[in-house]
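[1] Would you be able to build a 3D model of this:
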Amino acid sequence: MTHENNLKAKIESSLFKMWEQILEKSDFSFNDDFYDLGGTSLQAFSLVLQIKKEFKIELQLMYVLDDFCISSLAELLEDKMR
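    Next comes the predicted model:
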């Protein structure tokens, strides 16, 4: 596994744990949409705060107000970490 793949996998794993806590469920995949899983905009805001705390990245709320999944969010965070 390359360093980049390893970094993305770590980000996805952390995001999955955040989603589990926020959504109070664990039966989803990295490609499931946050809102399709029952997430709300208030929960998305909570997610942005958790991302800021864990990754030290200021993520604009606009990135989580539309359709998004763990995989796409991990790619965005990975790009911002470079």
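[2] Kindly indicate whether Phe28 is helix, strand or coil.
    The three-state label given to Phe28 by DSSP: H, G, I helix; E, B strand; the rest coil is coil.
[3] How about stretch 29-48, which residues are buried there?
    Neighbour-count burial for stretch 29-48 flags Phe30, Asp32, Phe34, Tyr35, Leu37, Gly39, Gln43, Ala44, Ser46, Leu47, Val48 (criterion: 16 or more other C-beta atoms under 10 Å). C-beta: built from backbone N, CA, C; applies to glycine.
[4] Residues contacting it, please?
    For stretch 29-48, the external contacting residues (C-beta atoms under 8 Å, 6 or more residues apart in numbering) are 12, 16, 18-19, 22-23, 25, 28, 59, 61, 64-65, 67-71, 74.
[5] Check these for burial and list the buried ones.
    Using 16+ other C-beta under 10 Å, the buried members of the contacts of stretch 29-48 are 12, 16, 18-19, 22-23, 28, 59, 64, 68-71, 74.
[6] Between all of those residues, which two are at the greatest distance?
    Greatest spatial distance in the buried ones among the contacts of stretch 29-48: Phe28 and Leu59, 20.1 Å, computed using C-beta to C-beta.
[7] Tell me the confidence at the spatially closest residue to Ile22 that is not a sequence neighbour?
    Spatially, and ignoring its direct neighbours in sequence, Ile22 is nearest to Gln43 (5.0 Å; C-beta to C-beta, 6 or more residues apart in numbering). Listed pLDDT for Gln43 reads 96.
[8] any idea which element Gln43 lies in?
    For Gln43, the host element (DSSP states H and E) is helix 41-55.
[9] Pull out the CA atoms of that helix and give them to me as CSV.
    These are the backbone C-alpha positions of helix 41-55, laid out as CSV (Å, rounded to 0.1, in the frame of the first residue of the first chain):
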residue,chain,number,x,y,z
SER,A,41,-27.6,19.7,8.4
LEU,A,42,-27.1,20.2,12.1
GLN,A,43,-25.3,16.9,12.3
ALA,A,44,-23.2,17.9,9.3
PHE,A,45,-22.2,21.0,11.1
SER,A,46,-21.2,18.8,14.1
LEU,A,47,-19.1,16.7,11.7
VAL,A,48,-17.3,19.8,10.4
LEU,A,49,-16.4,20.7,14.0
GLN,A,50,-15.1,17.2,14.6
ILE,A,51,-13.0,17.3,11.4
LYS,A,52,-11.5,20.6,12.5
LYS,A,53,-10.6,19.1,15.9
GLU,A,54,-9.2,15.8,14.6
PHE,A,55,-7.5,16.9,11.4
